[in-house]
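>>> Below are the sequence and a predicted model for it; my questions follow.
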Amino acid sequence: MTVVGWVELLRLGKNLWCTIRLMTNRTFKCGPSREQPSFLPPRVEDYVAAGNAVRAIEAYVMALDLEKLGFRHAGTFGGAGQPPYDPADLLKLYIYGYLNRIRSSRCLEREARRNLELIWLLKGLAPGYRTIANFRQDNWAALKAANRDFVLLARELELVNGELVAIDGTFFHGDASKASITTQKKLVKQLEALDRDIEAYEAALKANDAAEAARPAADEAGSEDVSRKIAALMEKRAQTQADIARLQASGETQLSRTDADARLLSKNGQTVAGYNVQVAVDDKHKLIVASEVVNDGNDAGQLHKMATAAKEALAAETLTALADTGYYNGNELKACEEDRIVAYVPPADRAGRLQAQGRFSHEDFAYDAEADAYRCPAGALLKPMNGRKANTGGRLEIRYVSRKSDCGACPFRARCLSAKTPRRTIYRWEHEDVIDRHRARMKGAGAMMRLRAALAEHPFGTLKCRAGYRHFLLRGFAKVRGEWSLMALCYNFARVLNIIGLERLIAYCAARAGNRAILPLQHALTAAFRAVAALMALFWVGMTTKFEIPSLRFHLAA
């Protein structure tokens, strides 16, 4: 008997043994034989239960107007040659992948061939990984539009209050290493080191030349090797000088060779090569209503922009915005106040060091609005000087100065001034009343700050810890923002699905898709009615006067 025969005999024996055990004591469950013929093969539909969340993905994507959102190939037939994949199918694939922590295009290609839920969702289509990856790269703007559209969906379902948002930011790793990002300071040091190396090699080259002149028969290999090293160093020096000039021309402080938009970001002693992701979270169900990806190392300039984006997304007339100390900035608070945004941001404690030394800080001087003067702890007045002075941040400030005689006789002089300083000066921003109103608002705002932490940290905790999304796969602002839009969309999608349930979400998406299908018919009927009305108007004119319509070529008698 051949080897194949023995293998077949063993397989039949195993199946027989399993059947015998199943008929006797039923110790283990045994499935049917793979070669058991089936009269009617099961449908793919039967592999996905009615309550499977993948059906919500199908309903949601089919309710989208992909052409209006700007997805590539939407609303076209692909032209000549092999037709492209429907963007709806690729969007379904990505939403399913990001909901199930599958982001790699190669992994999505593999899942599309073996995952029954994806086989059902894509109707058996199995696009290649390049097609999948290109869809995410090419449709970054459409993905941002889809993310904004889902916020509109949440508004229509009344899942957002639209009155209070919490704003926060976190660092995500980019597709670049720390070594690939350099600063101007590092480049200058690198240039100095290259100059030293070049000088050392030139000295060695001169010494070799002198030795060769003394010994004409000496080996020239050493001189040639030094010359090559000097040429390589000179080339590297020229590249470093070009990088420094590029930074000076652009005004940037960092240069990234791998991902042009990634930056070295530092917080709490940790440095990340990547991006700063900003979110605004509504207080009702912790949904992300606005988000952005920036590469700033701090959040001081992001408050007004994020609050305004949330206000527009929620279509709110007024809005309350909560943020942490990193967002405290006088100009930002002023801009928020002008746009009817009430901001709650704890001010940074900049007087702690002076208070620990027993010295007076700016906060120990009370401002008297009626007298337009500051009163010091000893009761003396600091009066304003003429003119304005711009500080390092560009803000115009008014100087309030005390009298030398008051400071000379003050019992608290040692706690207020140094030995060589004759009088005290306080600088007040010309819009300091904004800070005063904010400071009064922050008194007793501990509950608001606790609410901020509960709201703003939830999306980042879910995405980073539960889903494991701590880095971006793509490079450049445009593509990274598109990938973040996918993350935010899937976070909101999962939240909405958990809040309202599968049946209600599918029913809403079906109604939305029906309304979208009716709109073109309504437009067509409106156009037809207008055409009929115009024709009737022409007919009425023809009934009252002699009128010839060139296209119809007939004459109506009066």
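Okay, I see it.
>>> can you pull out the helices in the stretch 401-550 of the chain?
404-408, 413-416, 432-442, 446-461, 477-500, 502-544 (DSSP state H, counting those that start in this stretch).
>>> now swap in the stretch 51-200 of the chain and tell me
Going by DSSP H, counting those that start in this stretch, the stretch 51-200 of the chain shows helices at 54-62, 66-69, 87-99, 105-114, 116-121, 129-138, 140-156, 184-214.
>>> which of the residues in the fourth one are buried?
Using 16 or more other CB atoms under 10 Å as the burial criterion, the residues of helix 105-114 that qualify are 105, 108, 109, 111, 112. C-beta: built from backbone N, CA, C; applies to glycine.
>>> Can you get me the centre-to-centre distance for it and its chain?
26 Å (CA atoms, centre = their mean, to the nearest Å).
>>> quick one, that helix and helix 129-138 angle?
Computed with axes from the mean of the first three to the mean of the last three CA atoms, to 10 degrees, the direction of helix 105-114 lies at 120 degrees from that of helix 129-138.
>>> which outside residues touch helix 105-114?
93-94, 97, 102, 118-119, 122, 125-130, 132-133, 136 (CB atoms under 8 Å, 6 or more residues apart in numbering).
>>> if we go to 6 Å?
For helix 105-114, the surrounding residues in contact (CB atoms under 6 Å, 6 or more residues apart in numbering) are 93, 97, 102, 118, 122, 126, 129, 132, 133.
>>> Ok, the first one next?
The contact list for helix 54-62, computed with CB under 6 Å, 6+ apart, reads 88, 91-92, 95-96, 117, 121, 497, 502, 505-506, 509, 513.
>>> Report the secondary structure state of the closest residue to residue 427 other than its chain neighbours.
Spatial nearest neighbour of residue 427, chain neighbours left out: residue 397 (4.4 Å); criterion: CB to CB, 6 or more residues apart in numbering. Counting by DSSP: H, G, I helix; E, B strand; the rest coil, the backbone at residue 397 sits in strand.
>>> And for residue 397, the neighbour number?
16 (other CB atoms under 10 Å).
>>> And for residue 511?
Neighbours of residue 511 using other CB under 10 Å come to 11.
>>> gap between it and residue 54?
The gap separating residue 511 from residue 54 is 20 Å, by CB to CB, to the nearest Å.
>>> again, but for residue 421
According to CB to CB, residue 421 stands 72 Å off from residue 54.
>>> ok, the closest residue to residue 237 other than its chain neighbours - how many residues close by?
In space, and not counting its chain neighbours, residue 237 is closest to residue 194: 4.6 Å by CB to CB, 6+ apart. The tally of other residues near residue 194 (other CB under 10 Å) stands at 18.
>>> give the contact list for the residue nearest to residue 427.
Per CB under 6 Å, 6+ apart, neighbours of residue 397: 389, 391, 427, 429.
>>> Check what pLDDT the closest residue to the first one other than its chain neighbours gets.
Translated: residue 389. Spatially, and ignoring its direct neighbours in sequence, residue 389 is nearest to residue 397 (5.4 Å; CB to CB, 6+ apart). Among the per-residue scores, residue 397 shows a pLDDT of 87.
>>> beta partners of residue 397?
residue 389, residue 429 (DSSP bridges).
>>> By residue count, what's the longest strand in this structure?
The longest strand of the chain (DSSP state E) is strand 270-282.
>>> List the pairing partners of that one within its sheet, with orientation.
strand 164-173 (antiparallel), strand 263-267 (antiparallel), strand 288-294 (antiparallel).
>>> Which of the ones you listed has the lowest mean pLDDT?
strand 263-267 (a mean of 90).
>>> Same question for that one: list its buried residues.
Quick answer for strand 263-267 (16+ other CB under 10 Å): 263, 264, 265.
>>> same question, stretch 356-363
Those would be 359, 360, for stretch 356-363 by 16+ other CB under 10 Å.
>>> again, but for stretch 161-174
162, 164, 165, 166, 167, 168, 169, 170, 171, 172, 173, 174.
>>> hey, what's the third one bridged with?
Read that as residue 165. Bridge pairing for residue 165 - DSSP bridges - gives residue 282, residue 321.
>>> dump the residue contacts of it.
Shown in contact with residue 165 (CB under 6 Å, 6+ apart): 280, 282, 310, 321.
>>> what helix or strand does the third one sit in?
For residue 310, the enclosing helix or strand under DSSP states H and E is helix 303-314.
>>> Against residue 187, how distant is the residue nearest to residue 237?
10 Å.
>>> where are the low-confidence patches of the stretch 101-250 of the chain?
Within the stretch 101-250 of the chain, the stretches with pLDDT under 70 are 205, 208-224, 226.
>>> Span of stretch 37-49 from start to end?
Stretch 37-49 has an end-to-end distance of 24 Å (criterion: CA to CA, to the nearest Å).
>>> so which of the helices of the stretch 51-200 of the chain is the most packed in?
Greatest average neighbour count among the helices of the stretch 51-200 of the chain goes to helix 87-99 (a mean of 22), per mean count of other CB atoms under 10 Å.
>>> Packing partners of that one?
helix 54-62, helix 477-500 (3 or more CB pairs under 6 Å, 6 or more residues apart in numbering; DSSP states H and E).
>>> now the angle between helix 87-99 and the longest one, please.
Using the same axes, to 10 degrees, the direction of helix 477-500 lies 70 degrees away from that of helix 87-99.
>>> Mind pulling the model confidence for residue 390?
In this model, residue 390 carries a pLDDT of 79.
>>> before we move on, the earlier item: what does the longest strand of the chain rub up against?
160, 165-167, 169-174, 176, 178, 181, 262, 264-265, 288-296, 302, 306, 310, 455-456, 459, 480.
>>> Next: stretch 232-243.
Against stretch 232-243 from outside (CB under 6 Å, 6+ apart): 187, 190, 191, 194, 197, 198, 255.
>>> Save those as JSON lines, and put in distance to residue 50 too.
Compiled in JSON lines, the contacts of stretch 232-243 are given as follows (distance: CB to CB, whole Å):
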{"residue": "187", "distance to residue 50": "62"}
{"residue": "190", "distance to residue 50": "64"}
{"residue": "191", "distance to residue 50": "68"}
{"residue": "194", "distance to residue 50": "69"}
{"residue": "197", "distance to residue 50": "72"}
{"residue": "198", "distance to residue 50": "74"}
{"residue": "255", "distance to residue 50": "55"}
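>>> residues in contact with residue 409?
Residue 409 makes no contacts at all, as judged by CB under 6 Å, 6+ apart.
>>> Return the distance of it relative to residue 341.
In terms of CB to CB, residue 409 sits 47 Å off from residue 341.
>>> so how far is the longest strand of the chain off the chain centroid?
Here the centre of strand 270-282 is set off from its chain's centre by 7 Å, with CA atoms, centre = their mean.
>>> residues of that strand that come out buried?
By neighbour count with 16+ other CB under 10 Å, strand 270-282 contains the buried residues 272, 273, 274, 275, 276, 277, 278, 279, 280, 281, 282.
>>> what's the farthest-apart pair in those residues?
Distance extremes for the buried residues of strand 270-282: the farthest pair is 273 and 282 at 31.4 Å, using CB to CB.
>>> After the helix or strand containing residue 237, which helix or strand is next? Please name it.
Using DSSP H and E, residue 237 maps to helix 221-250. Sequence order places strand 254-256 as the next helix or strand after helix 221-250, per DSSP H and E.
>>> Quick check, residue 314 in contact with residue 161.
No - counting by CB atoms under 6 Å, residue 314 stays clear of residue 161, with 8.3 Å between them.
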